[in-house]
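Novice: Need a 3D model of the sequence below.
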Amino acid sequence: MQPIYLALLFLAIIAIGEIISIKSRARIPTLLVVVATVFILLQTGILPESYIAASTFVAIGGVLVPVLIVHLGTMIPLKTMLQQYQAVLITLIGLVFSVVGVLVIVTILFNYETAVAGAGPITGGIIAYIITAEGLREAGLTAIVAVPITVFTIQNFFGMPLTSIFLSRYAKKIRTEEAAATLDPIEPESNQKTYLLPDTWMQSHFVIIFLLFAGGALAVFLDQLTGVNASLWALIIGVAGAALRFFPERSMEKANSSGITMIALIFVVMNSLIGVTWSQIIESLIPVLVIMVIGIGGLMLGAVIGARLFKWDLNKAIPVVLTALYGFPGDYLIVEEISRSEGRNEAEQKRIVDELLAPMLIGGFTSVTVGSVAIASILISTL
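Specialist: All right, here's what the predicted structure looks like:
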């Protein structure tokens, strides 16, 4: 089948997910619909696994991941980033309660190896899953490799709906504030600030895209040089570049390229479902459900404690910690969906994004990119 036909098929699934998200006011996120639909189609054999890669979007999405993260850095002012230390600490508290709870209770109910198999993935994404699965195979524990696979596969089904519920409540509070009604939705900052490069250059979509790719390539190079994850470097480059006026704020939107980029990233998420089978899920279902309940309960308990310590609204603190269950790009997509569904005008939508995007992204990077990798690496070394 021609790649354009395959791309059309998957874009239809994404469009259906978007329609459902709009109709449900983001309580059923687009990404959740896409993941569930593609997984069912793969398992029933209706959709051959080769079709996802054959669409060519997976390769594009893989290249665009660091580029988009650089763009995300340009969406968050440096001042805001420095103010997000509380989001980092609240997320860490949630991770501690989640991991300790899983290690103690799951070890008692099953065994320590099963607890380790679930503790890493429940606090992060695909990297933590890979570390855990490979570690289990090297330790000869192939019988429980299905545990991290299943946790990684189904944690989105728990994390994203819960996040949408709490964020919707918080967004309603934001939009009722008087400042939301008086906020000017159009702020021509180009007349107030100049760029490092000539302003006329920065009006070109191609120049902006080139700069974003340069930032993404630098992030990958620094990853190879230092061992620090490229996602963190990309975020730092984006924030610093925007602060120094090397990048325009909201760079990818200024280049009119954000929509196709997000579609490519959703293809990357779909591709991660390949290799997961119904039998693997069924065999590990009971321990996985126990891990999910304890792990998510620990995350939420940590969020409650963190919210009390830093005087945060629970409807904001809990979603920030729950980003551990899905990370990027889910955190970004959900904030966009919530702003669109709950904001009654452009001013309110902008206010919701400005309020939620920074802590959600920081929470996701703290847990998925950094915390879960450290947790999985340490726990696997104890087997």
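
Novice: who's in contact with Gln155?
Specialist: Gln155 is in contact with Pro121, Ile122, Met292, Leu325, Tyr326, counting by Cβ atoms under 8 Å, 6 or more residues apart in numbering. C-beta here means a position set from N, CA and C on the backbone, and glycine is covered the same way.

Novice: Go through the residues you listed and name the one nearest Ala255.
Specialist: When the contacts of Gln155 are compared for distance to Ala255 (Cβ to Cβ), Tyr326 wins out at 26.6 Å.

Novice: Could you report the neighbour count for the closest one?
Specialist: If you count neighbours by other Cβ atoms under 10 Å, Tyr326 ends up with 28.

Novice: May I ask which two of the contacts of Gln155 are separated the most?
Specialist: Taking Cβ to Cβ, the two most distant members of the contacts of Gln155 are Met292 and Tyr326; they sit 13.0 Å apart.

Novice: For Lys254, state which of the contacts of Gln155 is nearest.
Specialist: Using Cβ to Cβ, the contacts of Gln155 come closest to Lys254 at Tyr326, 27.3 Å.

Novice: Need the contacts of Gln155 in a markdown table (columns: distance to Leu82).
Specialist: As requested, the contacts of Gln155 are exported to a markdown table (distance: Cβ to Cβ, whole Å):
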| residue | distance to Leu82 |
| --- | --- |
| Pro121 | 31 |
| Ile122 | 30 |
| Met292 | 34 |
| Leu325 | 26 |
| Tyr326 | 26 |
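
Novice: Please dump those into CSV; it should also carry pLDDT, secondary structure and distance to Leu64 for every row.
Specialist: Output for those, formatted as CSV (pLDDT from 0 to 100; DSSP: H, G, I helix; E, B strand; the rest coil; distance: Cβ to Cβ, whole Å):
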residue, pLDDT, secondary structure, distance to Leu64
Pro121, 87, helix, 24
Ile122, 89, helix, 27
Met292, 93, helix, 31
Leu325, 89, helix, 23
Tyr326, 82, coil, 18
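
Novice: Let me know the closest of those residues to Arg245.
Specialist: Arg245 lies nearest to Tyr326 out of the contacts of Gln155, by Cβ to Cβ, at 32.7 Å.

Novice: Quick check on that closest one: phi, psi?
Specialist: For Tyr326, the backbone dihedrals (degrees, to the nearest 10) come out as phi -150, psi -30.

Novice: before we move on, the earlier item: could you turn the buried ones of the contacts of Gln155 into a ChimeraX selection?
Specialist: Buried residues among these (16 or more other Cβ atoms under 10 Å), as a ChimeraX selection:
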select :121,122,292,325,326
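
Novice: quick check, nearest of the contacts of Gln155 to Val38?
Specialist: When the contacts of Gln155 are compared against Val38 (criterion: Cβ to Cβ), the nearest one is Tyr326, at 15.3 Å.

Novice: now the closest one: how far from Arg340?
Specialist: 19 Å (Cβ to Cβ, to the nearest Å).

Novice: where exactly do the helices run in the stretch 151-300 of the chain?
Specialist: 178-182, 205-226, 230-243, 251-254, 258-271, 278-283, 285-310 (DSSP state H, counting those that start in this stretch).

Novice: I'd like these written out as JSON lines, with distance to Glu49 added.
Specialist: As requested, the helices of the stretch 151-300 of the chain are exported to JSON lines (distance: least, Cβ to Cβ, whole Å):
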{"stretch": "helix 178-182", "distance to Glu49": "46"}
{"stretch": "helix 205-226", "distance to Glu49": "27"}
{"stretch": "helix 230-243", "distance to Glu49": "26"}
{"stretch": "helix 251-254", "distance to Glu49": "30"}
{"stretch": "helix 258-271", "distance to Glu49": "9"}
{"stretch": "helix 278-283", "distance to Glu49": "14"}
{"stretch": "helix 285-310", "distance to Glu49": "22"}
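
Novice: Of those helices, which is nearest Ile16?
Specialist: Counting by Cβ to Cβ, Ile16 lies closest to helix 258-271 out of the helices of the stretch 151-300 of the chain; the figure is 12.5 Å.

Novice: Mind listing what's buried along that closest one?
Specialist: For helix 258-271, the neighbour count (16+ other Cβ under 10 Å) marks Ser258, Thr261, Met262, Ile263, Ala264, Leu265, Ile266, Phe267, Val268, Val269, Met270, Asn271 as buried.
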